[in-house]
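>>> no sequence on this one, just coordinates:
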């Protein structure tokens with residue numbers, strides 16, 4: 001029983017950065033104790049600290065490299081003036097600015113053993129060669145580690161695929177496919193508990209046109225040059241949620257997954273490196289998918305849409321090959337020289353022609369008749385030439401194509417509904433680029449009182465008021481995320497509490513806390529920049545009162561990030577948002593329209609069950625080629641709050657299904673959307 005004692009003592013020795021001598025996530029900014037107050041012109045307006053690796057925007061503002069990089073993953077505008085911005089447009093600050101920052105005076109972080117002051121650029125050499133405090137720290141860390149390694153079993157190596165396995169996980173590849181297929185490809189009229197399939201309901205009118213929903217399991221091998229690199233996708237679901245399976249909600253542009261091009265939103269992840277994750281918690285799935293390694297083997301279940309009785313082809317009649325092609329533009333405006341077309345008898349888009357002398361023709365890897373499956377990770381299996389052109393034109397440099405090539409087929413002339421589109425700026429529409437028609441942004445609004453619900457089972461939210469006294473020049477020492485201008489309309493939340501501010505010393509504000517107000521100023525309706533301004537202006541006073549909300553998931557506590565996971569841009573896990581009280585939710589109305597012979601194209605899970613009580617309704621599947629898929633606003637993991645204004649709270653499956661079936665051609669879904677967990 002004495003074994004855990006030395007293990008605890010080791011955990012109490014923090015991992016300190018060898019460059020700044022302070023504890024911070026591996027890939028986050030370094031932390032410094034500055035001797036004097038730093039001029040506001042040299043402060044990053046994202047982290048509110050003196051600039052590190054300063055980057056200039058085209059609109060004239062300067063931010064830390066890592067702060068701006070993380071910010072641009074969520075937003076597409078400058079934090080200061082909100083002008084449209086992409087990270088590729090930014091560049092290093094001048095040598096003069098960098099030299100001024102390097103010469104700022106900092107204190108050695110080991111105050112007890114070393115009281116030296118030096119320029120910021122000299123601190124690393126000081127710590128490595130001259131600081132008695134850092135030398136003492138390294139000796140103590142080594143001494144603490146050695147007894148453990150002798151008496152304990154060595155941790156598994158990174159490449160050991162058995163490491164993440166949990167004794168409770170089911171095994172067996174064949175049963176896995178059968179179980180998962182049953183969950184995602186439900187036969188029409190299924191009685192599976194908790195799963196509703198109004199999207200796939202067939203009427204007698206439908207029967208001559210389609211048979212059933214088609215899905216395939218595929219094994220995909222992902223290669224990473226950097227074993228620690230993020231995959232670049234968001235996931236929802238888990239056995240501790242009504243969704244059950246782990247589902248891909250979003251694929252981030254220019255990510256490892258996007259470059260591969262074979263995984264799309266809506267895919268169900270069944271296995272990771274041979275480990276069955278079809279029945280694991282959300283946190284366990286995140287841990288498995290964040291496990292580092294140069295090669296990742298994923299088994300996924302992919303919806304293919306409805307099979308047609310009248311248009312089935314012999315798969316052996318032609319050979320088919322999936323090919324990856326990357327074209328590199330010198331700048332965003334450079335044309336690729338590709339003409340795209342829709343065919344009347346087959347979904348998707350095809351290459352009609354390659355313009356002589358164009359970038360694609362010079363590359364030589366694309367051919368006429370190739371079917372475009374995806375561009376930069378955006379699924380185009382049911383896409384249009386206009387959508388493809390929009391993706392190409394907004395890409396700064398690398399355009400990643402995944403195409404399907406079939407030998408022995410000739411591309412016919414376009415029919416009446418087969419429009420052509422030149423993805424270059426020298427298109428046939430008068431020399432101007434092809435612009436995908438944008439719909440106006442959907443209005444978001446606070447969740448109405450009639451739509452509000454109790455917290456799901458297993459969640460507790462705790463509101464706390466933190467009043468602290470501080471020096472006027474002392475920093476709060478927190479960074480934030482969210483804001484009502486975020487695409488998911490998130491509240492403001494704490495992304496880090498740095499060990500140089502008064503809130504770290506106080507200890508009550510934690511990473512993940514939702515900030516409600518500061519000195520009586522309501523933060524719950526503010527956008528990101530407004531919240532930063534409010535925090536900064538109020539931090540200048542002698543006393544600060546913060547109201548915050550802490551969300552606790554009793555069933556699935558978030559796992560502590562180890563050193564390998566600290567490179568991830570931190571944000572709360574998807575399951576954390578499920579415990580946010582209703583009054584902080586922002587809703588969106590999504591209107592879907594369909595023809596008489598179409599299905600809506602989505603399946604839902606959840607609702608009231610006697611054994612589980614009230615559970616939210618979630619979107620589980622969105623089928624390619626259907627109204628829900630074409631609309632693009634509905635996502636897997638979205639919560640259905642109301643149907644045509646009628647609250648869904650407290651309804652069972654048997655009550656909600658008829659409501660959806662009654663809507664013949666149009667339905668309004670009120671939904672709340674939370675970002676999936678980033679892996």
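Structure received. Fair warning: this is a prediction, and the values are worked out from it, not measured in the lab.
>>> in stretch 80-94, what's buried?
Of all the residues in stretch 80-94, those buried under the rule 16 or more other C-beta atoms under 10 Å are 80, 85, 87, 90, 93. In this view, the C-beta of every residue, glycine as well, is placed from N, C-alpha and C.
>>> no no, stretch 641-661
Neighbour-count burial for stretch 641-661 [16+ other C-beta under 10 Å]: 641-643, 648-649, 651, 653, 656-657, 659-660.
>>> ok, residues contacting it?
194-196, 198, 201, 447, 450-453, 587, 600, 604, 607-609, 614, 617, 640, 663, 667-672 (C-beta atoms under 8 Å, 6 or more residues apart in numbering).
>>> Among these, name the buried ones.
194-196, 198, 447, 451, 453, 587, 600, 604, 607-608, 614, 617, 640, 663, 667, 669-672.
>>> show me the contacts for residue 353.
Contacts of residue 353 by C-beta under 8 Å, 6+ apart are 338-339, 368.
>>> pLDDT score assigned to it?
Here the pLDDT value assigned to residue 353 is 82.
>>> what helix or strand is it on?
Assessed by DSSP states H and E, residue 353 sits inside strand 346-354.
>>> Parallel or antiparallel, which strands does that strand pair with?
Strand 346-354 has the following sheet partners, assigned by DSSP bridges: strand 338-343 (antiparallel), strand 371-375 (antiparallel).
>>> burial measure for the closest residue to residue 506 other than its chain neighbours, as a count.
Excluding the flanking residues, the one nearest residue 506 by C-beta to C-beta, 6 or more residues apart in numbering is residue 468, at 5.1 Å. Applying other C-beta atoms under 10 Å, we find 17 residues neighbouring residue 468.
>>> so what's residue 468 up against?
502-503, 506, 543-544.
>>> what comes up buried for stretch 17-37?
So stretch 17-37, judged by 16+ other C-beta under 10 Å, has buried residues 17, 20-22, 24-25, 28-33.
>>> what would these look like in CSV with pLDDT and distance to residue 259?
Shown next, in CSV, are the buried residues of stretch 17-37 (pLDDT from 0 to 100; distance: C-beta to C-beta, whole Å):
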residue, pLDDT, distance to residue 259
17, 84, 31
20, 89, 33
21, 89, 37
22, 88, 35
24, 80, 29
25, 75, 25
28, 76, 25
29, 85, 27
30, 88, 30
31, 89, 33
32, 91, 36
33, 91, 41
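>>> now, the most widely separated pair of the residues you listed?
Spatially, the most separated pair among the buried residues of stretch 17-37 is 25 and 33, at 18.4 Å (C-beta to C-beta).
>>> Need the pLDDT of residue 596.
pLDDT, residue 596: 76.
>>> so how many other residues sit close to the nearest residue to residue 446 once chain neighbours are set aside?
Using C-beta to C-beta, 6+ apart and skipping the chain neighbours, the partner closest in space to residue 446 is residue 586 (6.2 Å). Applying other C-beta under 10 Å, we find 18 other residues in the vicinity of residue 586.
>>> cool, the one 3 residues further on as well?
Neighbouring residues of residue 589 were enumerated by other C-beta under 10 Å; the total is 17.
>>> Beta-bridge partners for it, please?
According to DSSP bridges, beta-bridge pairing links residue 589 with residue 670.
>>> pretty sure it is touching residue 443, no?
Yes - judged on C-beta atoms under 8 Å, residue 589 makes contact with residue 443 at a distance of 7.5 Å.
>>> What strand or helix carries residue 516?
Residue 516 belongs to strand 514-518, assigned by DSSP H and E.
>>> Same check on residue 68?
Residue 68 belongs to helix 65-72, assigned by DSSP H and E.
>>> hmm, who's touching that helix?
27-29, 44, 46-47, 52-55, 57, 63, 79, 85-87, 90, 479, 569.
>>> what's the average pLDDT for it?
Here the average pLDDT along helix 65-72 is 86.
>>> starting at the chain centroid, how far to the helix or strand that comes right after that helix?
Using DSSP H and E, the helix or strand that follows helix 65-72 towards the C-terminus is strand 91-92. Offset of strand 91-92 from its chain centre (C-alpha atoms, centre = their mean, to the nearest Å): 26 Å.
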